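Visitor: Below are the sequence and a predicted model for it; my questions follow.
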Amino acid sequence: MATLPVMTGYLVLGFGFGIILKSSGYGIFLAFCMSLLIYAGSMQYVAIGLLTGGASVLTTALTTLMVNARHLFYGISMLGKYKKIGKSKPYLIFALTDETYSLVCRDHPKIPEEEVGRYCFFVSLFDHAYWVLGSVAGAVVGSLVTFNSEGIDFVLTALFLTVFLEQWLTTKKHTPALIGVGVSVVCLLIFGKDSFLIPAMLLIALLLCLYREEPNHE
């Protein structure tokens, strides 16, 4: 039940990715492989532009690092919880997407401590399956039906906004979120919409590394 909201989002997002990938001239098998092995929604959308634009290896590597840099902080925050997970740890690290992180990072008082690892594994596995299924379905439909796919990629923005609002409403301290929004806006104004992403991500990563949360004395 915990993954049902993610399922609705991932099926739609994956479907959109599959359609856009197919409309760009790539096949169903590539949609399956990218979703199974890369499994990074935002980067997969960006990768379509990199593939069609003939981007260099250096550009692709740097873009990938910047787009997914937030996962470094996800992983660091999960070191304690995943410490005694066992053999599934490599997969759990790989499958730590934004939406999966929002489900596994919170406390689970109703789940016995020895079952938390099992819970995290199945949440990660189901979310992964939803994404692969949506991507393949989109690619299949895209190969059967021809229509204008312009604007479909906005569903990714919509999902990010949903995750951002959920995190905002469920946490008391919003400094990291404000840093992210503020830096992004400033870099957008300075560098423009085509060049702001990399400097914004670098500056956000630096500020979050320097940020220290004040202890709660209540």
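Guide: That came through, no problem.
Visitor: what's the burial count for Phe164?
Guide: Neighbour count of Phe164, defined by other Cβ atoms under 10 Å: 14. Where C-beta positions appear, they are placed from N, C-alpha and C, glycine not excepted.
Visitor: in which helix or strand would I find it?
Guide: Element membership of Phe164, judged by DSSP states H and E, is helix 154-170.
Visitor: What average pLDDT does that helix get?
Guide: Per-residue pLDDT values across helix 154-170 average out to 70.
Visitor: Which elements pack onto whichever helix or strand comes after that helix?
Guide: Using DSSP H and E, the helix or strand that follows helix 154-170 in sequence is helix 175-191. Counting contacts by 3 or more Cβ pairs under 8 Å, 6 or more residues apart in numbering; DSSP states H and E, helix 175-191 packs against helix 154-170, helix 197-210.
Visitor: Helix 197-210 and helix 175-191, what's the angle between them?
Guide: Following axes from the mean of the first three to the mean of the last three Cα atoms, to 10 degrees, one obtains 150 degrees for the angle between helix 175-191 and helix 197-210.
Visitor: Please compute how far helix 175-191 lies from its chain's middle.
Guide: For helix 175-191, the separation from the chain centroid amounts to 19 Å (computed by Cα atoms, centre = their mean, to the nearest Å).
Visitor: Stretch 71-82 too?
Guide: Here the centre of stretch 71-82 is set off from its chain's centre by 15 Å, with Cα atoms, centre = their mean.
Visitor: Kindly report the same for stretch 129-148.
Guide: Chain-centre distance of stretch 129-148: 19 Å, with Cα atoms, centre = their mean.
Visitor: pLDDT on it, on average?
Guide: Throughout stretch 129-148, pLDDT has a mean value of 89.
Visitor: cool, and stretch 40-52?
Guide: Per-residue pLDDT over stretch 40-52 has a mean of 83.
Visitor: Alpha carbons of it, as CSV, please.
Guide: C-alpha atoms of stretch 40-52 as CSV (Å, rounded to 0.1, in the frame of the first residue of the first chain):
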residue,chain,number,x,y,z
ALA,A,40,17.0,7.7,-12.9
GLY,A,41,13.8,9.4,-14.1
SER,A,42,15.2,12.9,-14.5
MET,A,43,18.5,11.7,-16.0
GLN,A,44,16.7,9.4,-18.5
TYR,A,45,14.7,12.4,-19.8
VAL,A,46,17.8,14.4,-20.0
ALA,A,47,19.6,11.5,-21.7
ILE,A,48,17.2,11.7,-24.6
GLY,A,49,18.4,15.2,-25.4
LEU,A,50,22.0,14.1,-25.0
LEU,A,51,21.5,11.1,-27.3
THR,A,52,19.8,13.1,-30.0
